[in-house]
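Student: Let me see the structure of the following:
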Amino acid sequence: MTIHSTDPFAVPDGDKSPVRRLRGRLAAPVTLWTAPGPAGLTVSSVLVADGDPGRVLGLIDEESDFWDAASRAGRFAVTPLTPADRQLADRFAGLMPAPGGLFATGEWQQTAYGPVPAHAGAWAGCRLSAERPCGWALLVEAVVEEAFFPGPAAPLVHFRGRYAELTDR
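Tutor: Model (predicted):
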């Protein structure tokens with residue numbers, strides 16, 4: 001067996017569409033979206049819009065268990081992940097095995113919006129307000145009903161197909 005320093009299944013840059021190559025050059029926050037059920041999904045195509053009310057927008061796989069649960073419940077939680085959450089991000093992205101289910105390991109805080117990692121430095125409770133097809137996914141829009149900031153936490157980001165962390169805060 002050989003351990004690769006790169007993803008042996010990754011599509012070479014020259015074979016990717018120009019839009020995918022552009023998206024890969026934009027650093028994106030890595031978040032965990034969870035819903036009652038429970039169900040969850042790692043999401044890096046996300047935007048938070050300030051206003052009255054504040055909103056969260058994200059690109060979600062409409063065939064995911066998360067979307068099924070969130071659309072039924074009409075609510076979900078969004079948690080920004082930290083550099084310590086790389087395996088959690090991979091598990092909920094379907095890139096890592098999850099024996100016993102996605103929520104079988106780690107400590108979880110149960111909320112009306114869905115389970116939230118107990119160690120989360122921030123999370124938001126969101127009410128689903130709209131969705132529409134957008135490219136390969138659904139553009140999901142939600143109103144931020146509650147936001148919690150239990151402690152400081154550095155963000156985990158996704159850049160050019162890899163996780164990265166900010167070194168200057």
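Student: all contacts plus neighbour counts: C-alpha atoms, from now on.
Tutor: Fine.
Student: Report the backbone C-alpha coordinates of the worst-scoring helix or strand of the chain on mean pLDDT in CSV.
Tutor: Sorting the helices and strands of the chain by mean pLDDT, DSSP states H and E puts helix 18-24 at the bottom, at a mean of 79. Taking Å, rounded to 0.1, in the frame of the first residue of the first chain, the C-alpha atoms of helix 18-24 are listed here in CSV:
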residue,chain,number,x,y,z
PRO,A,18,-12.8,27.3,-15.9
VAL,A,19,-15.6,28.0,-13.3
ARG,A,20,-14.5,25.1,-11.1
ARG,A,21,-10.9,26.3,-11.3
LEU,A,22,-12.0,29.8,-10.4
ARG,A,23,-14.0,28.5,-7.4
GLY,A,24,-11.0,26.6,-6.2
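Student: Mind jotting down where the strands sit in the chain?
Tutor: For the chain, the strands defined by DSSP state E cover 28-29, 31-35, 39-43, 46-49, 55-60, 75-80, 108-109, 116-117, 123-134, 137-148, 156-159, 162-165.
Student: With distance to M96 and mean pLDDT added, can I get those in JSON lines?
Tutor: Output for the strands of the chain, formatted as JSON lines (distance: least, C-alpha to C-alpha, whole Å; pLDDT from 0 to 100):
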{"stretch": "strand 28-29", "distance to M96": "19", "mean pLDDT": "94"}
{"stretch": "strand 31-35", "distance to M96": "15", "mean pLDDT": "98"}
{"stretch": "strand 39-43", "distance to M96": "12", "mean pLDDT": "98"}
{"stretch": "strand 46-49", "distance to M96": "22", "mean pLDDT": "97"}
{"stretch": "strand 55-60", "distance to M96": "19", "mean pLDDT": "98"}
{"stretch": "strand 75-80", "distance to M96": "19", "mean pLDDT": "98"}
{"stretch": "strand 108-109", "distance to M96": "19", "mean pLDDT": "98"}
{"stretch": "strand 116-117", "distance to M96": "18", "mean pLDDT": "98"}
{"stretch": "strand 123-134", "distance to M96": "23", "mean pLDDT": "98"}
{"stretch": "strand 137-148", "distance to M96": "22", "mean pLDDT": "97"}
{"stretch": "strand 156-159", "distance to M96": "17", "mean pLDDT": "94"}
{"stretch": "strand 162-165", "distance to M96": "15", "mean pLDDT": "91"}
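Student: ranking those strands by burial, who's on top?
Tutor: Of all those, strand 31-35 carries the top mean neighbour count, a mean of 27, counting by mean count of other C-alpha atoms under 10 Å.
Student: what about it, distance to the chain center?
Tutor: Distance, stretch centre to chain centre, for strand 31-35: 6 Å (C-alpha atoms, centre = their mean, to the nearest Å).
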